[in-house]
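> Sequence and predicted model, in that order:
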Amino acid sequence: RALVDLGRWHGLDAQAKLVIVRGGRLATHNSEPGWSYRDQDVVGELEVTAIDEKVAEGLIRPRSFFDLVNPGDFVVFPPKKPGAN
């Protein structure tokens, strides 16, 4: 389980799925608004189970057999186009 400081106010919906990116591996896009990260820096997914205006709670689903999710990792909305991160 995890608690994140994103909520309805940020455009998050109940049962949304967010990408968890290894801490220090997130950058801004050079040519457009948004985040940039490498696929190998994604350590898991957060599925929102409860939400209010400014915070959300959810279940962490690690990407691999080993749970590499740590405090300080970033939670971002998934890219709108596959492979667009």
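That came in fine, so what should we check first?
> Return the residue of this protein that is most distant from the centre.
Farthest-out residue of the chain from its mean C-alpha position, per CA atoms, centre = their mean: residue 31, at 21.2 Å.
> could you list every residue that touches that residue?
Listed by CB atoms under 8 Å, 6 or more residues apart in numbering, the contact set of residue 31 is empty. Just so you know, the C-beta spots here come from the backbone N, C-alpha and C atoms, and that holds for glycine as well.
> Which pLDDT does the model give it?
In this model, residue 31 is scored at 82, pLDDT.
> how close does it sit to residue 2?
Separation of residue 31 from residue 2 (CB to CB, to the nearest Å): 31 Å.
> where does the protein dip in pLDDT?
In the prediction, the chain carries residues with pLDDT under 70 at positions 81-85.
> quick one: the strands in it?
For the chain, applying DSSP state E gives strands covering 2-4, 17-21, 27-28, 35-36, 42-51, 56-62, 74-76.
> out of those strands, nearest to residue 68?
For those, proximity to residue 68 was assessed by CB to CB; strand 42-51 is nearest, at 4.3 Å.
> Would you mind pulling the contact partners of that closest one?
2, 4, 7-8, 12-22, 56-64, 67-70, 73, 75.
> Who does that strand pair with, and is each partner parallel or antiparallel?
strand 17-21 (antiparallel), strand 56-62 (antiparallel) (DSSP bridges).
> Can you point out the buried residues in the first one?
Judged by neighbour count (16 or more other CB atoms under 10 Å), strand 17-21 contains these buried residues: 18, 19, 20, 21.
> for stretch 40-52, same thing?
Within stretch 40-52, the residues scored as buried using 16+ other CB under 10 Å are 41, 42, 43, 44, 45, 46, 48, 51.
> Tell me the one of these nearest residue 27?
Using CB to CB, residue 41 is the member of the buried residues of stretch 40-52 that lies nearest residue 27, at 10.2 Å.
> coming back round to it: of the contacts of strand 42-51, grab the buried ones for PyMOL.
In PyMOL, selecting the buried portion of these, with burial taken from 16+ other CB under 10 Å, looks like this:
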select buried, resi 2+4+12+16+18+19+20+21+22+56+58+60+63+69+73+75
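> Now do the contacts for the residue nearest to residue 72 when sequence neighbours are not counted.
In space, and not counting its chain neighbours, residue 72 is closest to residue 23: 4.0 Å by CB to CB, 6 or more residues apart in numbering. For residue 23, the residues meeting the contact criterion (CB under 8 Å, 6+ apart) are 70, 72, 73, 74.
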